[in-house]
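>>> Need coordinates for the following:
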Amino acid sequence: MSVRVRFAPSPTGTLHVGSARTALFNWLYAKHHRGTFVLRIEDTDQKRSNPAFVEDILASLHYLGIVADEGPTFQSQRLALYRQHADQLIAQGKAKTEDGGVVFPVAPQTVTFRDLVHGDITVDTSLFEQLVLMKSDGLPTYNFACVVDDAAMQITHVIRGDDHIANTPKQLILYQALGLTPPAYAHIPLIVGSDRARLSKRTGATAVADYRDVGYLPEAFVNYLALLGWAPGGNRECIPPTEIVELFDVARVRKAAAQFDQQKLDWLNGQYIKQATVERLTDLFAERLIAKGLVSVTYDRAWLSRIAGLLRDRLKTLSQLEEEHRFLFVEPIEYEDEAVQQLLRRDGIAANLSALKDRLKQLGSFETPQVEQAARALIAQRGLGAKDLIHPTRVAVTGRAVSPPLFEVMSIVGQAKVIGRLEYAAAHLAG
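You can find the predicted model right below:
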């Protein structure tokens, strides 16, 4: 029988890191075995389920490159199927109606199952004397609907977080009562923060959509999620998704909790940005900048490609484009107070900036070599140290004490804007 797995989120919130990792492991397992990945939306909690969260789940999976082979199917549209199986158990004397619902008495016994990650697990059923199958409102409980759906969908492997281990013996009892063959189970480790506690928003339990919006490339985020609890061997870290599919094996999933490391994610994303082509980065930059109103839809692609080439080795996330390099796109620019105080409020700076402005006005070409030549000629003429002109000029042109290489930045900003910024800084900011 070919492998069939499922991802079954509840639309009661946005798709977060833990659930995304579960979806990814299921998808990787299916793709590795040339099997089928099924998407099931468990929306029987009618008070908390929200169509907006369904859209978020679908959009987040799309961002991760996870495409369902079947589905999505919705449990809210399968209520007759659950009722049918509950009635079957009642007719067989295995379940009974109680307080308007359906309950399943559990005889004391021990249940042992082989977990593909943890090995054999044994549970004493005296911990739960009976299982509620159908609630008085006509809706199924989680464990009952899960069994009915997994069997109907011919799921062969259930891969889910190990917080579900306690549910597995309950489900196995129901499989036996219904005369159905249970799937294999693999319970993957939970993800914890740097404090070793379960993820909170402070330690990484952020919606996948937030990571997308901040500017994590999907292949970098998938790469990082895959390494949360699984390792390919050889201490490898940068592994493209296509290769992860070929290497993925549940047997290599660790039992211990996986720690979410924001710095490692940032580093990994930076590596993928460095490896991206200028062409692709230009497209990504344009999409962000247009959405934020920083460039028009008729932007100069050659100009933006220069920016992509300049910043490719400097970014950890795409959001740093507009957060740290806004001076490339707006006029007037904002000035950092500390940079102004330390680098512009000194004797002679205004005169130096004015002199540089006059030299730059004379340039027929404003390419990087010509800009640098003009600045260095002024440095030599005035007997300045290079930093005595370059550092104040950087603040005057970018508003910041740190920037990419100054002369290339000036060339990209353009002659008219650079002259205007130097003039403003000399008149209003410098000493």
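>>> domain assignment for the chain?
According to automatic domain parsing, the chain comprises the domains 4-75+191-263, 78-188, 276-328, 337-428.
>>> Please report the distance of the residue lying farthest from the centre of the chain from residue 397.
Residue distances from the centre of the chain (Cα atoms, centre = their mean) peak at residue 381, which lies 52.4 Å from the mean C-alpha position. Distance, residue 381 to residue 397, using Cβ to Cβ, to the nearest Å: 20 Å. Bear in mind the C-beta positions are built from the backbone N, C-alpha and C, glycine included.
>>> likewise residue 90?
Residue 90 is 79 Å from residue 397, by Cβ to Cβ.
>>> Looking at those two, which one has more neighbours?
residue 397 (24 against 16; other Cβ atoms under 10 Å).
>>> how many other residues sit next to the residue lying closest to residue 340 once chain neighbours are set aside?
In this structure, residue 340 finds its nearest non-sequential neighbour in residue 429, 5.4 Å apart by Cβ to Cβ, 6 or more residues apart in numbering. Here the number of neighbours of residue 429 (other Cβ under 10 Å) works out to 22.
>>> which ones are touching the closest residue to residue 33 other than its chain neighbours?
The shortest distance from residue 33 to any non-neighbouring residue, by Cβ to Cβ, 6+ apart, is to residue 3 (4.1 Å). Counting by Cβ atoms under 8 Å, 6 or more residues apart in numbering, residue 3 makes contact with 29, 30, 33, 34, 35, 36, 156, 157.
>>> What confidence value was assigned to residue 3?
On the pLDDT scale, residue 3 is placed at 98.
>>> can you give me the strands in the chain?
Along the chain, counting by DSSP state E, strands occupy 4-7, 36-41, 70-74, 96-98, 101-105, 110-115, 119-124, 130-134, 157-161, 184-188, 191-192, 258-259.
>>> which of these sits most buried?
Each of the strands of the chain was given a mean neighbour count from mean count of other Cβ atoms under 10 Å, and the largest, a mean of 26, is that of strand 4-7.
>>> buried ones in stretch 54-62?
Buried residues in stretch 54-62, counted by 16 or more other Cβ atoms under 10 Å: 54, 56, 57, 58, 60, 61.
>>> Centre of the chain to it, how far?
12 Å (Cα atoms, centre = their mean, to the nearest Å).
>>> which residues touch it?
Contacts with stretch 54-62, where a contact means Cβ under 8 Å, 6+ apart, come from 9, 11, 14-15, 20, 23, 39, 41, 43, 67-68, 72, 207-209, 212.
>>> Low-confidence bits of this structure, can you list those?
Along the chain, the parts satisfying pLDDT under 70 run over 200-205.
>>> what's the span of stretch 175-193, first residue to last?
End-to-end span of stretch 175-193 (Cα to Cα, to the nearest Å): 36 Å.
>>> Centre of the chain to that stretch, how far?
On the basis of Cα atoms, centre = their mean, stretch 175-193 sits 26 Å off its chain's mean C-alpha point.
>>> what's the answer for stretch 35-42, then?
21 Å.
>>> Could you do stretch 235-246 as well?
Centre to centre, stretch against its chain (Cα atoms, centre = their mean), the figure for stretch 235-246 is 17 Å.
>>> Figure out the length between the terminal residues of that stretch.
17 Å.
>>> Now that stretch: buried residues?
Neighbour count says stretch 235-246 has 239, 241, 244, 245 buried, by 16+ other Cβ under 10 Å.
>>> Would you map the helices across the stretch 51-200 of the chain?
In order along the chain, the stretch 51-200 of the chain carries the following helices (DSSP state H, counting those that start in this stretch): 51-64, 79-91, 142-152, 167-178.
>>> and of those, who's closest to residue 219?
Among the helices of the stretch 51-200 of the chain, helix 51-64 comes nearest to residue 219, with 9.3 Å by Cβ to Cβ.
>>> export that closest one as CSV, just CAs?
Provided in CSV are the C-alpha atoms of helix 51-64 (Å, rounded to 0.1, in the frame of the first residue of the first chain):
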residue,chain,number,x,y,z
PRO,A,51,-12.9,31.1,7.7
ALA,A,52,-10.2,33.8,7.9
PHE,A,53,-8.0,31.2,9.7
VAL,A,54,-8.7,28.7,7.0
GLU,A,55,-7.4,31.3,4.4
ASP,A,56,-4.3,31.9,6.6
ILE,A,57,-3.6,28.2,6.8
LEU,A,58,-3.9,27.7,3.0
ALA,A,59,-1.8,30.9,2.3
SER,A,60,0.9,29.8,4.8
LEU,A,61,1.1,26.3,3.3
HIS,A,62,1.4,27.9,-0.2
TYR,A,63,4.3,30.1,1.0
LEU,A,64,6.1,27.0,2.3
